[in-house]
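Sequence and predicted structure, then a few things I'm wondering about:
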Amino acid sequence: MAMTKINEILAKERFTKDDIVFLLNTEGDDRKTLLAAANAVKIKVLGNNAYYRGLLEFSNICAKNCFYCGIRRDNKKVERYFVPEAEVLNAVEYAYHAKYASLVIQGGERSDKQFVSQITDLLKKIGKLTNHEMGITLSFGEQSNETYEEWKSVGANRYLIRIETSVRDLYYKLHPEDKQHDYSKRLQALAELKALNYQTGTGVMIGLPFQRVEDLAEDLMFFHDFDVDMVGMGPYIEHEDTPLFQYRNELWPKSTRFDMSLKMIAILRIMMPDINIAASTAMQTLDKLGREKALKVGANVLMPNITPVKYREGYLLYEDKPCLDEDAAECKSCLEARVHLAGDRVAYGEQGNSLHYYRRINQIP
Ligand code: 5AD
Ligand code: SF4
Ligand code: FES
């Protein structure tokens with residue numbers, strides 16, 4: 001029997017851009033074949049482990065003005081906050097005792113001296129409090145190489161900075177074209193983090209205004225060619241107090257944005273079997289079972305929110321973000337049930353470092 005096109009592509013060592021476009025456009029049985037193949041790769045290479053990262057949304061104070069983001073500098077409706085040190089340490093202690101084993105500390109982009117040393121001090125205290133046992137991911141945007149070094153020296157070992165889109169022209173439709181939003185600086189930041197031996201993560205939004213399926217294929221090839229260790233990506237969701245809201249009628253329907261996100265995860269898992277891929281919170285916004293479905297097609301990381309509830313309203317990057325009123329303990333049990341639904345187990349007490357990272361730094365082919 002002649003091989004069907006889908007099986008022919010899936011059997012390849014390396015996908016071309018056309019292959020990826022084909023896979024992104026699959027429907028019906030072909031789509032099912034793709035998603036099942038991705039799940040099989042995950043189980044074979046990584047097992048059915050879901051790793052937790054306690055997510056702390058440290059501050060919504062941001063110097064940038066990204067056109068898609070609800071906490072952009074010019075959105076005057078947002079009340080700005082940062083979580084005071086004692087409350088951060090309290091949340092970290094919760095995560096530590098709950099055996100999350102890793103943290104993600106995220107916030108708006110600031111690079112003033114005061115901020116940089118505030119984070120440095122915080123990292124020192126977190127290390128002491130947790131006996132240096134937790135994996136620590138930072139996500140504070142573009143910083144100087146010295147800052148990345150400083151934070152690494154006090155315990156940060158992973159860094160997430162989404163490229164948002166790998167297509168330069170599209171990047172400038174999503175950001176002001178100025179020094180502060182420079183696509184080449186974003187690339188440079190990723191390169192510097194990698195050179196400093198951070199586990200380096202990036203990601204994109206899916207279903208952005210002006211974005212084409214070909215652009216998403218480029219994104220996947222970018223992750224592969226840049227050889228990233230971790231990826232977090234999810235659907236774009238409009239926010240009414242942002243400039244991109246004016247294009248809301250031109251977007252793909254939410255169900256399409258969700259489905260494209262699932263296929264993006266699945267294809268990436270096949271292209272990069274040993275990286276960490278997050279089931280993003282934005283997926284859950286568009287589909288009640290969004291994160292479970294992501295786990296089923298290759299994602300292996302979840303980020304239960306540990307931000308004190310009173311600050312969560314302040315961190316609305318997009319509409320209808322989930323977990324607004326649920327505290328850390330509620331998110332823990334909610335997510336655990338979801339992981340089991342997906343047939344996975346929560347790998348409590350394991351940092352869940354990117355396998356790809358070990359291979360990369362030890363130069364194992
Ligand atoms: N929809 C989806 N994701 C968004 N982000 C920011 N705004 C939105 C939005 N409207 C994502 C960006 C950023 C991350 C912190 O949140 O990709 O890198
Ligand atoms: Fe700031 Fe990040 Fe939002 Fe851009 S996406 S405005 S850098 S918080
Ligand atoms: Fe927060 Fe479900 S994960 S309520």
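Good, I have the coordinates. Ligands and ions are numbered 1, 2, ... in the order given.

Tell me which helix or strand the closest residue to T130 other than its chain neighbours sits in.
Taking C-beta to C-beta, 6 or more residues apart in numbering, and ignoring the residues beside it in sequence, T130 has Y96 as its nearest neighbour in space, at 4.8 Å. The way it works is simple: take the backbone N, C-alpha and C, and place the C-beta from them, glycine included. Here Y96, judged by DSSP states H and E, is contained in helix 85-97.

Buried ones in that helix, by neighbour count?
Within helix 85-97, the residues that qualify as buried by neighbour count (16 or more other C-beta atoms under 10 Å) are 88-89, 91-92, 94-96.

what does that helix contact?
Applying C-beta atoms under 8 Å, 6 or more residues apart in numbering, the contact partners of helix 85-97 are 54, 56, 58, 83, 103, 121-122, 125-126, 129-130, 133-134, 306-308, 328-329.

Tell me the secondary structure at the closest residue to ligand 1 within the stretch 1-150 of the chain.
Nearest residue of the stretch 1-150 of the chain to ligand 1 (C-beta to the nearest ligand atom) works out as C69 at 3.9 Å. Under the three-state scheme (DSSP: H, G, I helix; E, B strand; the rest coil), C69 adopts coil.

Verify the contact between it and T242 for me.
Yes. Under the contact definition of C-beta atoms under 8 Å, C69 touches T242, with a separation of 6.4 Å.

Give me the more crowded residue out of the two.
Here C69 and T242 are set side by side on neighbour count (other C-beta atoms under 10 Å), and the busier one is C69, at 24 against 20.

Around ligand 3, pick out the residues from the stretch 151-300 of the chain.
Counting by C-beta under 6 Å from any ligand atom, none of the residues of the stretch 151-300 of the chain come close to ligand 3.

Show me where the stretch 151-300 of the chain has its strands.
Using DSSP state E, counting those that start in this stretch, the strands of the stretch 151-300 of the chain run over residues 158-160, 199-202, 205-206, 230-235, 276-279.

again, but for the stretch 1-150 of the chain
Assigned by DSSP E, counting those that start in this stretch, the strands in the stretch 1-150 of the chain fall at 49-52, 54-59, 102-107, 135-139.

neighbouring strands for the shortest one, and are they parallel or not?
The strands that strand 49-52 pairs with in its sheet are strand 301-302 (parallel), strand 345-346 (parallel) (by DSSP bridges).

Now whichever residue of the stretch 51-200 of the chain sits closest to ligand 3. Nearest residue, chain neighbours left out?
Closest approach of the stretch 51-200 of the chain to ligand 3 (C-beta to the nearest ligand atom) occurs at L55, with a separation of 9.9 Å. Nearest residue to L55 in three dimensions, chain neighbours excluded: M303, at 4.1 Å (C-beta to C-beta, 6+ apart).
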